[in-house]
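Participant: Can you look at this prediction? I've put the sequence above it.
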Amino acid sequence: MIQENCRIVDHSQLAPRYFKIVFSSDHIAKTARPGQFVNIRVSNELTPLLRRPLSIHQSDPEKGTFTLLYETIGYGTELLSKKLVGSELNILGPLGNGFEVVNDIALLVAGGMGIAPLGFLAREAIKSKKDVYCFIGAKNEGLVLCEEGLKSLGAKVTVATEDGSRGEKGLVTHSLEKFLKDFRLTIDGKRLTIYACGPRPMLKAVAAIAAQNNFECRVSMEAYLACGIGACKGCAVDTIEGYRMVCKDGPVFDAKGIKWE
Amino acid sequence: MIQENCRIVDHSQLAPRYFKIVFSSDHIAKTARPGQFVNIRVSNELTPLLRRPLSIHQSDPEKGTFTLLYETIGYGTELLSKKLVGSELNILGPLGNGFEVVNDIALLVAGGMGIAPLGFLAREAIKSKKDVYCFIGAKNEGLVLCEEGLKSLGAKVTVATEDGSRGEKGLVTHSLEKFLKDFRLTIDGKRLTIYACGPRPMLKAVAAIAAQNNFECRVSMEAYLACGIGACKGCAVDTIEGYRMVCKDGPVFDAKGIKWE
Amino acid sequence: MGIEIAGIKMKNPVMVASGTFGFGEEYSELYDLNRLGAIVTKSVTLLPREGNPPPRIVETPAGMLNSIGLQNDGLKVFLEKHLPYLSKFTVPVIVNVAGETLDEYVDVVKALSKENRVDGIELNISCPNVKKGCMAFGIDPKLTEELVKAAKKASKKPIIVKLSPNVTDITVIAKAAEKAGADALSLINTIMGMAIDIKTKKPKLAMITGGLSGPAIKPIAVRMVWQVAQAVKVPVIGIGGIMTAEDAYEFMLAGASAVQVGTANFVDIESPLKIIEGLKKYI
Amino acid sequence: MGIEIAGIKMKNPVMVASGTFGFGEEYSELYDLNRLGAIVTKSVTLLPREGNPPPRIVETPAGMLNSIGLQNDGLKVFLEKHLPYLSKFTVPVIVNVAGETLDEYVDVVKALSKENRVDGIELNISCPNVKKGCMAFGIDPKLTEELVKAAKKASKKPIIVKLSPNVTDITVIAKAAEKAGADALSLINTIMGMAIDIKTKKPKLAMITGGLSGPAIKPIAVRMVWQVAQAVKVPVIGIGGIMTAEDAYEFMLAGASAVQVGTANFVDIESPLKIIEGLKKYI
Ligand SMILES: Cc1cc2nc3c(=O)[nH]c(=O)nc-3n(C[C@H](O)[C@H](O)[C@H](O)COP(=O)(O)OP(=O)(O)OC[C@H]3O[C@@H](n4cnc5c(N)ncnc54)[C@H](O)[C@@H]3O)c2cc1C
Ligand SMILES: Cc1cc2nc3c(=O)[nH]c(=O)nc-3n(C[C@H](O)[C@H](O)[C@H](O)COP(=O)(O)OP(=O)(O)OC[C@H]3O[C@@H](n4cnc5c(N)ncnc54)[C@H](O)[C@@H]3O)c2cc1C
Ligand SMILES: Cc1cc2nc3c(=O)[nH]c(=O)nc-3n(C[C@H](O)[C@H](O)[C@H](O)COP(=O)(O)O)c2cc1C
Ligand SMILES: Cc1cc2nc3c(=O)[nH]c(=O)nc-3n(C[C@H](O)[C@H](O)[C@H](O)COP(=O)(O)O)c2cc1C
Ligand code: FES
Ligand code: FES
């Protein structure tokens, strides 16, 4: 973990409100693990005052760069989207616990921008010879990210779009359920973990599916952050063991532990 | 008076902290009088919140442009100095009463950035066939503005720099006093008005000199503004008739009326 | 968008706040005042007040301090000059009244009550920038009650009481005002603040302290509006840092029936109009 | 730059404020804690507190609201885990103490008094984010006096009393604390505020209201520090929106002997260090 000014080495728009940004930082590129995030000061002004958390999508230790994918939601991400290649932003990271790949099969479920941390995880899981299945959910074809990249790495990719413009029509959780029905029988001995990131209702649904099937499930949670390092207790998520901090105890949690209510 | 988005058509640096900026606005260019100012929203952020007042230095009704000269003092003017040609800023103006040239001889005394409104005044006074004498005071040679321009218009220009790097050495008020000593005798019938803009201590000194010599004297005053149009009573200046508003009753006041204390 | 507050009919729930709009004269050169929900005038006092020495204004993070000190020409000039000017418009006029003593308030209220063009009276018991009176009333529930009672007795016009945020529990004052017969409450006035120039080592305002307004205070204002809206039955008018329609709607969700726009007038002359337009999406 | 406040010797007058720095553990990974004037810990309560439901944080113009609700592991874990960790450093440790009842405060103060590593105690009588106790003490001069007296009786450690800005007249509370024997006063804690999400139409914080901190409140904090510094003889520690050395110096000009940096820690981890460095120009 370090706080430093990082230069933007690449910045491009992927879809109407989706962007990809590449920063240079030896430290972050070398130490980042999938599921971790950085906390970015998008402006030196007093408004917006707080940093903005974004998951690390990819890191290249050789080049000393790391990549983020983000969606413009409000003021902070809008400001970020206007930053030019060559300029520097103050970044704190890498933060959070990250994913740990324990079983032989990694089943990744991404809703919308949820693909951001899962892309990194897919790459690392494939490197360590796991079977990787990716479920990518999006509103429509234009918002499906990383499909080709993940396929070329060797992941088995299923796409679901709400309007059916690409892949299966419907929610990604529906595709997941359908898949698991048949797949359960073929696992034979190999153990499987589900990793999910996306909107909370999606995570809740994935957690329920995992529980039904008795699979391990890890979810990457969001909360409004202040310090980003565990000091202020601002980013509580309610778990069966009490409040836990998204920024330090998470963002990755065992889905069984979350009080989804 | 109008509030509108004005495009920056030119922007250049004149000295380490002096800038010249040209905006396009038919309305302001056509209606502005010397001594009036505009109130500029230098940023759409919440900090800085208030507009920044700058005097109109020049206006070109044909081209529909007007020019400002400014010094970077703090946050607002720093932000302004970074605005690019082609971008738009929200401007309220023209505001204030402005100078009125009544006598045959106009004696202009500028301290530092005080030249900003006086440049406009000099041009108009020469147009209406007045004799114009300009006293330009600056810290050093690099900060002397408009000397050549005023000369070529036909004004008689005296420069005073504090370090003597150009023109007379010393304060501009000193040059003024020296000049008036001899000049008083030669006026014969023609009446003279002194117009001054600059730091308050300088204005006070000019006012004293004018009083001694029994000349009319008009000074352009500064105050922190909020509304800029006379509604909030924020920009009071203490006069013998009570508080008057810099933005509406001024910025130009009869020097005799100001309580210089 | 039309509403009725304390019996005053407005085209929309967006007024301009006292002290930020003068008596409308300056702004009338810039747009048609009849587009506003209502105009709340600068505070009018019985006698002319010359206000505080300058500097009176200083910028702060997302806000500003002012210490105008109720500069105004007094009741007589108001009646002779400012009110007749406002008669050129049909927009409701709410006259904000301030004073050092109860009698001063009552005298002004009485005089205003006779004027047809006055649609309502806002009692400013919350100005932090004068040495005597005003905020002294607004931080003491007993004085608030007395003053509001006296004003109600003196006038048949709707009486809006403008509350001070510089108190431990604003609902206590709000209830006192309601009990005394206030037809509506408006809040908040500015919060006492201060800024020091580190170069001169002196306060930036000649009066040392001033009133904080602007976006910086919005969260405090929303909280107080929410507290007061739950504590009283009379309508509440939300004020404090409203810059956009979204801000205005936030106050309405907190329980305000209408809003007043203050500092935003300085930042963007058209902000009340933009807020009115923007609110159409929400209400 | 070295100062002594309430008998606590500090290398410089810049502390980190309670609740924004945990118990120093996280920040110690980022820089040497010994560079700070002092560490003020997160509030410690007698028993563990799980804090308020999320969301607990929301951004506002030039500020933020929090409603953490004093989440902490309680006195026992503090003594067993956090305090020993801090023993690795030489920086003065001021333990911030909160409670629902007078006895709770006293029990914690007593226990802390036995610890060598505790250089001072800050009584938090100003947290707006808990239903019982805490700010209830800080808005009532009698309760303040009682509590401070009891704490002084229970301990020989320097006692700093942290005041609430949510009062009509902060000097009344300040004087009560001084009279009861407070060795220093620190102010301000957060100001009660609220924000509503106009999409969901619900408050953005689960607890509805929260405490406002950051640059937005600086003018209010400077004003209160100035008022209190004139009203009492004990040293005053300035808190509220300090982001830069210039802000810190502004508080000192208002009468503060030292400052605490809170929200700025979130914006720039290094801000206390930059403030220390920058202050060298001024003092
Ligand atoms: C650990 C973590 C990792 C994340 N990774 C990504 C990512 O890789 N790509 C991506 O597009 N988004 C990611 N998010 C969400 C992202 O942080 C928010 O979309 C962003 O902060 C919104 O800021 P804004 O100023 O544009 O929105 P605004 O709504 O204007 O922000 C207002 C405030 O709310 C906070 N906020 C708003 N939405 C969220 C949210 N969903 N989560 C946390 N804070 C929020 C902001 O930080 C800010 O404090 C992540 C969030 C967390 C907690
Ligand atoms: C009628 C009028 C005409 C002016 N014309 C010019 C001009 O032509 N060229 C020029 O360089 N300057 C001019 N000034 C001064 C100029 O407005 C200030 O230098 C500028 O506002 C400083 O803003 P800042 O954000 O850079 O400084 P900061 O010090 O950061 O500003 C903080 C606050 O103080 C105000 N402020 C600071 N200094 C002054 C000042 N001297 N007068 C008024 N407000 C001030 C700012 O507006 C702002 O509200 C004029 C001022 C007035 C009142
Ligand atoms: C420059 C200025 C002058 C003010 N004068 C008055 C006044 O005369 N009477 C009054 O009741 N309120 C006065 N106020 C308070 C405003 O009406 C309003 O309550 C406050 O500014 C908060 O709203 P805002 O944040 O939208 O400005 C004044 C505010 C400012 C900024
Ligand atoms: C997230 C957060 C948690 C806080 N927790 C505490 C606390 O536990 N005890 C306390 O006395 N003050 C607490 N405070 C108040 C700060 O110590 C400080 O008084 C306040 O934030 C104003 O300073 P600032 O504007 O520099 O943040 C907290 C503030 C924040 C922002
Ligand atoms: S953001 Fe401070 S603890 Fe997580
Ligand atoms: S700035 Fe408002 S009256 Fe001059």
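Facilitator: Thanks, I have the structure now. Residues are numbered from 1 along each chain as shown, chains lettered A, B, ... in the order given. Ligands and ions are numbered 1, 2, ... in the order given.
Participant: Show me what residue of the stretch 151-283 of chain C gets nearest to ligand 3.
Facilitator: For the stretch 151-283 of chain C, the residue closest to ligand 3 is C:G262, as judged by Cβ to the nearest ligand atom, at 2.5 Å. C-betas here are computed from N, CA, C, even on glycine.
Participant: From the centre of chain C, point out the most distant residue.
Facilitator: For chain C, the largest distance from the centre (Cα atoms, centre = their mean) belongs to C:K199, which lies 34.0 Å off.
Participant: just to revisit the earlier point, pull the number of nearby residues for the closest residue to the residue of the stretch 151-283 of chain C closest to ligand 3 other than its chain neighbours.
Facilitator: Sequence neighbours aside, C:A17 is the residue nearest to C:G262 in space, at 3.5 Å (criterion: Cβ to Cβ, 6 or more residues apart in numbering or on different chains). Using other Cβ atoms under 10 Å in any protein chain shown, C:A17 has 27 other residues around it.
Participant: which residues touch C:A17?
Facilitator: With contact set as Cβ atoms under 8 Å, 6 or more residues apart in numbering or on different chains, C:A17 has these partners: C:V40, C:I239, C:Q260, C:V261, C:G262, C:N265.
Participant: which residues does the first one contact?
Facilitator: Spelled out, it's C:V40. With Cβ under 8 Å, 6+ apart, C:V40 has these contacts: C:M15, C:V16, C:A17, C:S18, C:F21, C:I94, C:V95, C:N96, C:E122, C:Q260.
Participant: Any buried residues in stretch C:24-31, and which?
Facilitator: For stretch C:24-31, a neighbour-count test (16 or more other Cβ atoms under 10 Å in any protein chain shown) marks C:G24, C:E25, C:E26, C:Y27, C:S28 as buried.
Participant: for these, which one is nearest A:L143?
Facilitator: Of all the buried residues of stretch C:24-31, A:L143 sits closest to C:Y27, with 46.0 Å by Cβ to Cβ.
Participant: right, and that closest one touches C:F21 too?
Facilitator: Yes - using Cβ atoms under 8 Å, C:Y27 makes contact with C:F21 at a distance of 5.9 Å.
Participant: Spit out the residues that contact the two alike.
Facilitator: Counting by Cβ under 8 Å, 6+ apart, the residues touching both C:Y27 and C:F21 are B:A231, C:N265.
Participant: Wasn't A:Y70 part of a strand?
Facilitator: Yes - the assignment for A:Y70 is a strand, going by DSSP: H, G, I helix; E, B strand; the rest coil.
Participant: That one: neighbouring residues, count only.
Facilitator: Neighbour count for A:Y70, taken as other Cβ under 10 Å: 22.
Participant: Which strands or helices does the lowest-mean-pLDDT helix or strand in chain A pack on?
Facilitator: Lowest on mean pLDDT, DSSP states H and E among the helices and strands of chain A sits helix A:172-186, with a mean of 85. In terms of contacts (3 or more Cβ pairs under 8 Å, 6 or more residues apart in numbering or on different chains; DSSP states H and E), helix A:172-186 is packed against strand A:105-111, strand A:131-138, strand A:156-161, strand A:168-169, helix A:200-213.
Participant: Give me the contact status of the second one with ligand 1.
Facilitator: No - using Cβ under 6 Å from any ligand atom, strand A:131-138 never reaches ligand 1; the gap is at least 13.4 Å.
Participant: tally of neighbours for the closest residue to ligand 4 within the stretch 151-261 of chain A?
Facilitator: For the stretch 151-261 of chain A, the residue closest to ligand 4 is A:C232, as judged by Cβ to the nearest ligand atom, at 4.3 Å. Residue neighbour count, defined by other Cβ under 10 Å, stands at 27 for A:C232.
Participant: Check which helix or strand it maps to.
Facilitator: Taking DSSP states H and E as the definition, one finds A:C232 inside no helix or strand.
Participant: Write down the beta-bridge partners of the closest residue to A:S175 other than its chain neighbours, one by one.
Facilitator: Once flanking residues are discounted, A:S175 sits nearest to A:A160: 4.3 Å by Cβ to Cβ, 6+ apart. With DSSP bridges applied, A:A160 shows beta-bridge pairing to A:G137, A:E168.
Participant: show me the residues around the closest residue to ligand 4 within the stretch 1-150 of chain C that make contact.
Facilitator: Here the residue of the stretch 1-150 of chain C nearest ligand 4 is C:P61; by Cβ to the nearest ligand atom that distance is 10.6 Å. For C:P61, the contacting residues are A:L46, B:T47, C:A216, D:A62, D:G63, D:G214, D:P215, D:A216, D:K218, D:G241, by Cβ under 8 Å, 6+ apart.
Participant: Specify the local secondary structure of the residue in the stretch 151-261 of chain A that ligand 6 sits nearest to.
Facilitator: Here the stretch 151-261 of chain A gets closest to ligand 6 at one residue, A:A226, 37.0 Å apart by Cβ to the nearest ligand atom. Following three-state DSSP, we place A:A226 in the coil state.
Participant: Give me the neighbour count for it.
Facilitator: 29.
Participant: next one: C:D107
Facilitator: Residues lying near C:D107 (other Cβ under 10 Å) number 18.
Participant: Next: the one 10 residues further on.
Facilitator: C:R117 has 15 neighbouring residues, counting by other Cβ under 10 Å.
Participant: Next: the one 3 residues further on.
Facilitator: The burial metric for C:G120, expressed as a neighbour count using other Cβ under 10 Å, is 23.
Participant: And A:G164, by the same measure?
Facilitator: Using other Cβ under 10 Å, A:G164 has 12 neighbouring residues.
Participant: Distance-wise, check it relative to chain B.
Facilitator: Distance of A:G164 to chain B, given as Cβ to the nearest Cβ, to the nearest Å: 41 Å.
Participant: And the residue of chain C closest to ligand 2?
Facilitator: Relative to ligand 2, the nearest point of chain C is C:E59 (4.1 Å; Cβ to the nearest ligand atom).
Participant: Now for that residue: which residues touch it?
Facilitator: The neighbourhood of C:E59, defined by Cβ under 8 Å, 6+ apart, consists of B:P48, B:L49, B:L50, B:Y224.
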